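K.L.:
Let's see this in three dimensions:
(chains A and B)
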Amino acid sequence: MATDSNKSQSKKSAVQTTGHAWDGDIQEFNNPLPNWWVWAFYATIVFALIYWVFYPAWPIGRDYTKGVMNDIEYTTADGKQVKRHWNTRSLFEKNMREATLAQQKYLDQLASSSIEEIAKDEEKSNFAYSMAKVLFADNCAACHQAGGAGVIGSYPNLADDDWLWGGKFEQIKTSITGGRNGIMPSFQAKLTAAQLDDVAEFVLSLSKHETDAAKTARGKEIFTGQKGGCFYCHTKAGTGSTTSGAANLTDSVWTLANVPAADTLEAKKAAVKAVIKHGVNRKMPAWDKRLTETQIKILAFYVHQLGGGK
Amino acid sequence: MKHETIETNAGWLIALTFIVISIGGLAEIVPLYFIEDTVEEVKVAGVETIRPYTPLEVRGRDIYMREGCYLCHSQMIRPFRDEALRYGHYSLAAESKYDHPFQWGSKRTGPDLARVGKKYSNQWHVQHLLKPRSVVPESIMPNYPWLLKNKLEYKDIEARLKALKMVGVPYSVTKADYDNNVKRFGKDVAKMLDANQAETNLMNQALTNNYDGNKTSITEMDALVAYLQVLGTMVDFKKFDDGYFSTFR
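P.N.:
Model prediction:
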């Protein structure tokens, strides 16, 4: 302790104290700030003064100073000249406009081309592909998954060549533009447990499953008759319809009943029965409010090439 | 006043410290209340399109805050090109003028939600809130299974709306308030903002739209999905000229 106090004593002679003495002997050195620090501090003050002149800064009543010599100038899409004082929103509008101009040549081509023309032309389809890929990831992948494989039981697979609402360019475009509402009524109240079983048996027979002949025949009667009325949407042959979004039941593609994952016929039947029993009500939102016509067009192109478009 | 007087007098020290610290806030915040351009005017054919939340949406918002959604999700699209391309038009001050408190957030662990409304179906939201990884495999969002099990508490909804009215949200209590709302927002919206009808309105909205896919009861899921589906949908930007909203800055 003695050496410590000696040290401070010797230092005291070099640096002044603040002059206070607490509790009789506690004192505080008054070290000056380093020069670089002091000058950097003054520099920030000078910077602020310059900033006040050139950028929006001081409130005056219901308005504020806009700054001088900081105009943001650009031309809008409809040829209007815009000149505004510096602000983040105009800066943003200008950035967006410049980016659009840089892509204009391609965007114009896409806007004026039909989807078929885009698909045929290599340059156009490359540009459309990379643009649509990002759009798909942001907007579509949440349901249809990154690669378009969908979620069985909820969201249709876009990467195969089976289409509920049609796989032609125009049909895909219509699906994206207005959304889709896939509806099948619930047959819980209409059919008995045995009848449900028969219909499921018949539905599985359509996709070449080995089923019980008697049950299948009874199921067919319900499916193609007024009792079930299934044929109104799915057709008598079970091939479905793209106007009502009714699934084709004759192929091995399943979007709701997870038949491929079931090992036994009983399990497959249970999966099909659950769908018939509870019905279907699934909705894809409309995108016309959120995406532009060109964006929807190239998305249709992208989805079309994901899996066998028609 | 001498330095020593302040340092040896706790009362003075507190008062003067408070004043010095307030200066920054006062200089930055107070003028915004007086500058005309702070909150944008958003009217289509003379009717305000940004409206206060309906009773069900208010409860959904309460659940959003209770579950701490704002800790990972912002509701503030900044005017940058990359944000606009991903999330949509930048957020307006007017779009959160009825939020008390606002949900701008400060950190994005998940994506911004300012314009998530109507982007996905109700069914998707329900599935995603129950098990996020069943639809977004790379997601790190927790599961919220209780939202579908918990019945929504809404007996106090009228009082909640009245409390919001006290901080300036135009829910109506008197006939005069209501008439004023009809003028501002149109009749359909004004009906939803009637605090006296809050409980009926809440039940009707939940049962008509059936957000959670369960018709028999009104759950917290109904409220939260109703809230998520309205986020960022009140302004139809196609009805305004490009650059209209930058004239407010």
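K.L.:
Contact residues of chain A facing chain B?
P.N.:
Where chain A comes near chain B, counting by CB under 8 Å from any CB of the partner chain, the residues are A:20, A:59, A:61-64, A:76-77, A:82, A:84, A:87-93, A:95-96, A:99, A:134, A:138-139, A:142-143, A:145, A:151, A:154-155, A:282-285, A:289-290. Heads up, the C-betas are built off the backbone N, CA and C, glycines and all.
K.L.:
And the residue of the stretch 201-310 of chain A found nearest chain B, what's its pLDDT?
P.N.:
The nearest approach of the stretch 201-310 of chain A to chain B comes at residue A:283, 4.6 Å away (CB to the nearest CB). At residue A:283 the predicted local confidence, pLDDT, stands at 90.
K.L.:
was I right about it contacting residue A:180?
P.N.:
Yes: assessed by CB atoms under 8 Å, residue A:283 is found in contact with residue A:180 at 7.4 Å.
K.L.:
Return the members of the residues of chain A next to chain B classed as buried.
P.N.:
When burial is judged by neighbour count using 16 or more other CB atoms under 10 Å in any protein chain shown, the buried members of the residues of chain A next to chain B are A:59, A:64, A:82, A:84, A:87, A:89-93, A:95-96, A:138-139, A:142-143, A:145, A:151, A:154-155, A:282, A:284-285.
K.L.:
ranges for the strands of the chain?
P.N.:
No chain specified, so I'll use chain A. For chain A, the strands defined by DSSP state E cover A:59-60, A:63-64, A:72-75, A:81-84, A:180-184, A:280-284.
K.L.:
sorry, should have said chain B
P.N.:
Using DSSP E, the strands of chain B run over B:43-44, B:47-48.
K.L.:
of those strands, which approaches chain A most closely?
P.N.:
Comparing the strands of chain B against chain A with CB to the nearest CB, the closest turns out to be strand B:43-44 (14.3 Å).
K.L.:
Strand partners (parallel or antiparallel) of the closest one?
P.N.:
Sheet partners assigned to strand B:43-44 using DSSP bridges are listed as strand B:47-48 (antiparallel).
K.L.:
quick one: contacts of the partner strand?
P.N.:
Where contact means CB atoms under 8 Å, 6 or more residues apart in numbering or on different chains, the residues beyond strand B:47-48 that reach it are B:42, B:184-186.
K.L.:
Next: stretch A:230-240.
P.N.:
The set of residues that contact stretch A:230-240 without belonging to it, under CB under 8 Å, 6+ apart, is A:164, A:184, A:199, A:203, A:206, A:222-224, A:241, A:244, A:246-250.
K.L.:
Now do it, average pLDDT.
P.N.:
On average, stretch A:230-240 scores 94.
K.L.:
which of the residues in it are buried?
P.N.:
Counting neighbours by 16+ other CB under 10 Å, one finds that the buried residues in stretch A:230-240 are A:230-231, A:233-235, A:238, A:240.
K.L.:
quick one, helices of the chain?
P.N.:
Just going to use chain A. A:2-14, A:35-54, A:88-112, A:115-120, A:122-135, A:141-144, A:169-178, A:193-206, A:213-224, A:231-234, A:265-278, A:293-306 (DSSP state H).
K.L.:
think we crossed wires, I meant chain B
P.N.:
With DSSP H applied, chain B shows helices at B:3-7, B:10-34, B:55-66, B:81-87, B:122-130, B:146-149, B:157-166, B:175-185, B:187-192, B:198-209, B:220-228, listed in chain order.
K.L.:
Show me how the chain divides into domains.
P.N.:
Going with chain A. Using automatic domain parsing, the domain parsing of chain A gives A:35-64, A:72-112, A:128-306.
K.L.:
nope, chain B please
P.N.:
When chain B is parsed with automatic domain parsing, its domains come out as B:3-34, B:43-248.
K.L.:
so which of those is the most packed in?
P.N.:
domain B:43-248 (a mean of 17; mean count of other CB atoms under 10 Å in any protein chain shown).
K.L.:
Return the residues in contact with the residue most central in space within chain B.
P.N.:
For chain B, residue B:99 is the residue whose C-alpha lies nearest the centre (CA atoms, centre = their mean; 4.3 Å). Residue B:99 sits next to residue B:61 when contact means CB under 8 Å, 6+ apart.
K.L.:
mind redoing it with 10 Å?
P.N.:
With contacts taken as CB atoms under 10 Å, 6 or more residues apart in numbering or on different chains, residue B:99 has the following neighbours: B:52-53, B:61, B:75, B:164, B:169.
K.L.:
and what of residue A:262?
P.N.:
Residue A:262 makes contact with A:254, A:268-272, according to CB under 10 Å, 6+ apart.
K.L.:
and the gap between residue B:113 and chain A?
P.N.:
According to CB to the nearest CB, to the nearest Å, residue B:113 stands 13 Å off from chain A.
K.L.:
Leaving out the residues flanking it, which one is nearest to that residue?
P.N.:
Taking CB to CB, 6 or more residues apart in numbering or on different chains, and ignoring the residues beside it in sequence, residue B:113 has residue B:73 as its nearest neighbour in space, at 4.7 Å.
K.L.:
can you pull the contacts of that neighbour?
P.N.:
Taking CB under 10 Å, 6+ apart as the criterion, residue B:73 is in contact with B:64, B:103, B:105, B:107-114, B:116, B:141.
K.L.:
try it again with 8 Å
P.N.:
Residue B:73 makes contact with B:105, B:108-113, according to CB under 8 Å, 6+ apart.
K.L.:
export these to TSV and tack on distance to residue B:180 and pLDDT?
P.N.:
What follows is the contacts of residue B:73, written out as TSV (distance: CB to CB, whole Å; pLDDT from 0 to 100):
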residue	distance to residue B:180	pLDDT
B:105	32	92
B:108	38	95
B:109	41	96
B:110	39	95
B:111	37	96
B:112	34	97
B:113	31	98
